[in-house]
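Trainee: Model the structure of this input:
(chains A and B)
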There are 2 protein chains.
Amino acid sequence: MLKVIAEDFIKNEYLEVVAPMYAELVAATKKEPGCVEYNLFVDEDDETHFIFIEEWINHQALDAHCASEHFTRLVPLINQYQYKEGTALLMKSF
Amino acid sequence: MLKVIAEDFIKNEYLEVVAPMYAELVAATKKEPGCVEYNLFVDEDDETHFIFIEEWINHQALDAHCASEHFTRLVPLINQYQYKEGTALLMKSF
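Mentor: The predicted model follows:
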């Protein structure tokens, strides 16, 4: 099991532009065989701060995700609208 | 629904001291009526970095958690061993 928290920081004026891309990314990712959980959240105090909470069966599943058609197409498009670099935190169970 | 990510940073020499306290906190919290999810993870790259991923039915449930006997007893004990302040991020669904 591999748990991941990934965070994005999107310029306020582009929130409506990225919303459908995020929706497409989440929908396509949930279909991946190695994906256990892939949900997107928004910081209650900051609408520009997006947080993915993910769970993968293993590291290979995450690697496959990062190489997937939808990821390699959508993430660069989304990242155009960031005001600062996204982060990713990989975790194991306590 | 209220999603929470809470992070702790524990001095390396006290990891074994806090482990049973974390285990007790997680076990007791999972029994709380408003708790949907309450799991503890460890940063793959940093054993001193602990991450709670939580889900509560609403803000009142989180407030009740923070006022619970186990939280008010254990969290101050755990916090003695922090090398920097913990963080908490409250989120809503995308």
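
Trainee: which SS class is the residue most central in space within chain A?
Mentor: In chain A, the residue lying closest to the centroid (CA atoms, centre = their mean) is residue A:52, at 4.8 Å. Secondary structure of residue A:52, reduced to three states by DSSP: H, G, I helix; E, B strand; the rest coil: strand.

Trainee: any idea of the pLDDT on it?
Mentor: According to the predicted model, the pLDDT of residue A:52 comes to 98.

Trainee: need the contact list for it.
Mentor: Contact analysis of residue A:52 by CB atoms under 8 Å, 6 or more residues apart in numbering or on different chains lists A:4-8, A:38-41. Any C-beta I mention is one placed from the backbone N, CA and C, and that applies to glycine too.

Trainee: Where strands are concerned, which of these count?
Mentor: A:4-8, A:38-41 (DSSP state E).

Trainee: can you list the contacts of residue A:52 in TSV and add neighbour count and distance to residue B:63?
Mentor: Putting the contacts of residue A:52 into TSV (neighbours: other CB atoms under 10 Å in any protein chain shown; distance: CB to CB, whole Å) gives the following:
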residue	neighbour count	distance to residue B:63
A:4	19	28
A:5	21	24
A:6	17	28
A:7	18	25
A:8	22	29
A:38	21	29
A:39	16	23
A:40	19	25
A:41	22	20
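
Trainee: List, out of the ones in strands among the contacts of residue A:52, those positioned next to chain B.
Mentor: A:5, A:39-41 (CB under 8 Å from any CB of the partner chain).

Trainee: How many neighbouring residues does residue A:48 have?
Mentor: Residue A:48: 18 surrounding residues under other CB atoms under 10 Å in any protein chain shown.

Trainee: Need the three-state assignment for it.
Mentor: Assigned by three-state DSSP, the conformation of residue A:48 is strand.

Trainee: Give me the pLDDT value at it.
Mentor: Predicted confidence (pLDDT) at residue A:48: the value is 98.

Trainee: For it, give its distance to residue A:87.
Mentor: Residue A:48 sits 14 Å away from residue A:87, taking CB to CB, to the nearest Å as the criterion.

Trainee: Kindly report the residues of chain A close to chain B.
Mentor: Counting by CB under 8 Å from any CB, the residues of chain A close to chain B are A:3, A:5, A:22-23, A:26, A:39-45, A:50-51, A:53, A:89-94.

Trainee: run the last query once more with 7 Å
Mentor: Residues of chain A lying close to chain B by CB under 7 Å from any CB of the partner chain are A:3, A:5, A:22, A:40-44, A:50-51, A:53, A:89-94.

Trainee: Report the beta-bridge partner residues of residue A:89.
Mentor: Counting by DSSP bridges, residue A:89 forms beta bridges with residue A:5.
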